[in-house]
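# Using only what follows, build the 3D model:
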Amino acid sequence: MTQELIGRWIAETNERAFLEFSEDGSLRGSDGANALVTSWSTEAEGFIIKPSMMTLKAAPGMLTWVPKARRVEPDGDRLRLFDAADNHLGDLHRQPPGPTHKLGGR
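Got it, this is the predicted structure:
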């Protein structure tokens, strides 16, 4: 069921690091410094993130493992991220409803 994935997932240590899954299959996110725009799909292996290109800026507190995710597993309010070799990278947490941060916004 894809509804469990739809929405914005943020890192506990840096809420500017996030992945936001839309119902139309689009995905946007950030490692806390660089924008990520790609798509996702449901495959036999689970929820798969398509590869994307990003800028290479650095910033304090950025989470470089977020853009390396290729498969994700929602588990309640936690989203487990895995790389292409199926190594667990880290977890994001569902952002509660309310205002969201926009990249480059104030």
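# name the element the most centrally placed residue in the chain belongs to?
Among the residues of the chain, the one closest to the centroid is Leu19, at 2.5 Å (CA atoms, centre = their mean). For Leu19, the element it lies in under DSSP states H and E is strand 17-21.
# contacting residues around the nearest residue to the residue nearest to the centre of the chain once chain neighbours are set aside?
Of all residues not flanking Leu19 in the chain, Gly29 sits nearest, at 4.0 Å (CB to CB, 6 or more residues apart in numbering). C-beta here means a position set from N, CA and C on the backbone, and glycine is covered the same way. By CB atoms under 8 Å, 6 or more residues apart in numbering, Gly29 lies in contact with Ala17, Phe18, Leu19, Glu20, Ala35, Leu36, Val66, Pro67.
# is it fair to say Gly29 lies in a strand?
Yes - using DSSP: H, G, I helix; E, B strand; the rest coil, the secondary structure at Gly29 is a strand.
# How much space separates it from Glu23?
Using CB to CB, to the nearest Å, one gets 16 Å for the distance from Gly29 to Glu23.
# which residues does Gly61 contact?
Taking CB under 8 Å, 6+ apart as the test, what Gly61 contacts is Thr13, Asn14, Arg16, Ala17, Gly32.
# give me the number of residues near Met54?
When neighbours are counted by other CB atoms under 10 Å, Met54 registers 16.
# Wait, it touches Thr38, no?
No - under the criterion of CB atoms under 8 Å, Met54 is not in contact with Thr38, lying 9.4 Å apart.
# Just the buried residues of the contacts of Gly29.
Under a neighbour-count criterion of 16 or more other CB atoms under 10 Å, the subset of those counted as buried comprises Ala17, Phe18, Leu19, Glu20, Leu36, Val66, Pro67.
# pLDDT and distance to Leu92 for those residues - can I get that in TSV?
TSV is the format used below for these (pLDDT from 0 to 100; distance: CB to CB, whole Å):
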residue	pLDDT	distance to Leu92
Ala17	96	8
Phe18	97	7
Leu19	97	6
Glu20	97	10
Leu36	93	13
Val66	95	8
Pro67	93	12
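# Can you list the low-confidence ranges for this protein?
1, 98-106 (pLDDT under 70).
# again, only using 90
Filtered on pLDDT under 90, the chain yields the residue ranges 1-3, 15, 52-61, 96-106.
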